[in-house]
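Engineer: Return a 3D structure for these sequence lines:
(one chain, ligands or ions: 1)
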Amino acid sequence: MKSLDEYARAKLSSMEQRQLRRTLVETDRQDGAIAYRDGRRMVSFSCNDYLNLSHHPDVIRAANEANVRYGVGSGASRLITGNHPLFRDLELRLARLKGAEDACVFGSGYLANMGIIPTLLGPGDLILADELSHSCILAGSDISKADTFIFRHNDLDHVAALLAEHRAGHLRAMIVTDGVFSMDGDMAPVSALADLAEEYDAWLMTDDAHGVGVVGDGRGSTHALGAAGRVPLQMGTLSKAIGGYGGYLCADKTVIDLMKTRSRTFIYSTGLAPAAAAAAIAAIDVIETEPDYVALPLAKASLFAKLAGLPAPESCIVPIVLGDPARTLAASKLLDDAGYIVTAIRPPTVPPGTARLRFTFTAGHDDVDVRRLADLVVTRILASRDMA
Ligand SMILES: *Cc1c(COP(=O)(O)O)cnc(C)c1O
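Structural biologist: As a prediction, the model looks like this:
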């Protein structure tokens, strides 16, 4: 179709002009933080596989065994084909890890948020979401048709003011935020949000995609921030520190039962591959039994931040905001030439004017690389930023 082709071409060229066009780079990810690009051996500081569990021998073995025993797909939605026992095992393990009564596993973290939010809220209800919340929280809020207000990042006064103004006019209410912010690495003030949520009868949900496996002894932001038992809805993904694929919600059993009865992304989407469930169970074994290993990503991030003169990180995500997309791409290229993958993060993933390098640290990084990277950042990137 000519008009279709023209539309796509015009859109792409407008993105290109603003340095916002995105392209996929062929990357052969290896054990730990190593990746090959065009035959070059690179060290990646852009990966969310924080514990390298995607390559852990026990996790791979569990996935392989499940593939052989149960086949590579789950056949249909879990309500249709019958529930695979591996899903139940996984849900019980997630609930235990997060200190919740029960859990529901979804196809991905994105699907989880797209399913959870509209199951709990609809027209006439109220959602308050942090402005830096992940895209799928905002997408889930949109399709719920609840009145959604965005509060300034981690701004409790703003949350309180919005609740005072809008809570009374709405039936149900949710406060939703990333637990660990995906592009900034800081944490939400979860205990204080829980206080406000209790005061105004609002349901607090944290998206702990970047918290589980990394902070709070691997149990996530709620645990790290001393808010255990105070966050009724803890969602997250199996695709980052847990190393595989899938999403989940941990909550009280009645809430989970409601998800399994009403959430569209649970009902109308095929269950996870059995191997994904088996891999996640094996990964949780590692997280629960190896606290020293779980502490490594944050330790590496802290070493980097200290050497680069940056504030102490709260998670293993360390951003350096450069502002301009072209400048950020150039900095990413400079690090690439030195053998380091540090992806430039540009709008609309982050707000306009805040394009940045986003460094993520994993248990598999060698301190030698962390030190060399910090040195390059200080001498080649921060020096010119601070002069500009
Ligand atoms: C990655 C991410 C998601 C989506 O999880 P997937 O399993 O990758 O779909 C949701 N929320 C946050 C905060 C994330 O960083």
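
Engineer: Let's verify residue 184: helix, strand, or coil?
Structural biologist: Each residue gets one of three states, and residue 184 gets coil by DSSP: H, G, I helix; E, B strand; the rest coil.

Engineer: Against residue 275, how distant is it?
Structural biologist: 33 Å (Cβ to Cβ, to the nearest Å). Backbone N, C-alpha and C define where each C-beta goes, glycine included.

Engineer: Show me what whatever helix or strand residue 369 lives in is packed against.
Structural biologist: Taking DSSP states H and E as the criterion, residue 369 maps to helix 367-376. Helices and strands touching helix 367-376, as assessed by 3 or more Cβ pairs under 8 Å, 6 or more residues apart in numbering; DSSP states H and E, comprise helix 296-308, helix 325-337, strand 340-341.

Engineer: Identify the neighbouring strands of the shortest one in the sheet and state each direction.
Structural biologist: Paired neighbours of strand 340-341 in the sheet (DSSP bridges): strand 40-44 (parallel).

Engineer: care to break this structure down by domain?
Structural biologist: As assigned by automatic domain parsing, the chain contains the domains 19-48+295-387, 57-289.

Engineer: between those domains, which gets nearest to the ligand?
Structural biologist: Between the ligand and those, the shortest gap by Cβ to the nearest ligand atom is with domain 57-289, which sits at 2.3 Å.

Engineer: per-residue pLDDT, residue 84?
Structural biologist: Looking at residue 84, its pLDDT is 81.

Engineer: what's the answer for the one 5 residues further on, then?
Structural biologist: What the model reports for residue 89 is a pLDDT of 96.

Engineer: Now do the SS call for it.
Structural biologist: Under three-state DSSP, the three-state class of residue 89 is helix.

Engineer: my read: it touches residue 284, true?
Structural biologist: No - with contact defined as Cβ atoms under 8 Å, residue 89 does not reach residue 284; the gap is 10.0 Å.

Engineer: Which one's more surrounded, these two?
Structural biologist: Taking neighbours as other Cβ atoms under 10 Å, residue 89 and residue 284 compare with residue 284 leading, 23 against 15.

Engineer: can I assume residue 36 sits in a strand?
Structural biologist: Yes - assigned with three-state DSSP, residue 36 falls within a strand.

Engineer: Any idea what it is bridged to?
Structural biologist: Under DSSP bridges, the beta-bridge partners of residue 36 are residue 28, residue 41.

Engineer: contacting residues for it?
Structural biologist: Neighbouring residues of residue 36 by Cβ atoms under 8 Å, 6 or more residues apart in numbering: 27-28, 30, 42.

Engineer: For residue 159, see how far away it is.
Structural biologist: For residue 36, the distance to residue 159 (Cβ to Cβ) stands at 45 Å.

Engineer: how about the residues of the stretch 201-350 of the chain near the ligand?
Structural biologist: Neighbours of the ligand within the stretch 201-350 of the chain, by Cβ under 6 Å from any ligand atom: 207, 209-210, 237, 239, 247.

Engineer: I figured residue 162 was touching residue 152, is that so?
Structural biologist: No - Residue 162 is beyond contact range of residue 152, at 10.0 Å (criterion: Cβ under 8 Å).

Engineer: ok, the two, which is more surrounded?
Structural biologist: Per other Cβ under 10 Å, whichever of residue 162 and residue 152 has more neighbours is residue 162, with 20 against 12.

Engineer: Can I get the helix or strand where the more buried one lies as CSV, trimmed to CA atoms?
Structural biologist: Here residue 162, judged by DSSP H and E, is contained in helix 156-166. This file holds the C-alpha atoms of helix 156-166, laid out as CSV (Å, rounded to 0.1, in the frame of the first residue of the first chain):
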residue,chain,number,x,y,z
LEU,A,156,4.8,13.1,48.7
ASP,A,157,3.3,16.6,49.1
HIS,A,158,2.0,16.4,45.5
VAL,A,159,0.5,12.9,46.2
ALA,A,160,-1.1,14.2,49.4
ALA,A,161,-2.5,17.3,47.6
LEU,A,162,-4.0,15.2,44.8
LEU,A,163,-5.6,12.8,47.2
ALA,A,164,-7.0,15.6,49.3
GLU,A,165,-8.5,17.2,46.1
HIS,A,166,-9.7,14.1,44.2
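
Engineer: In contact with residue 38, which residues?
Structural biologist: With contact taken as Cβ under 8 Å, 6+ apart, residue 38 is in contact with residue 26.
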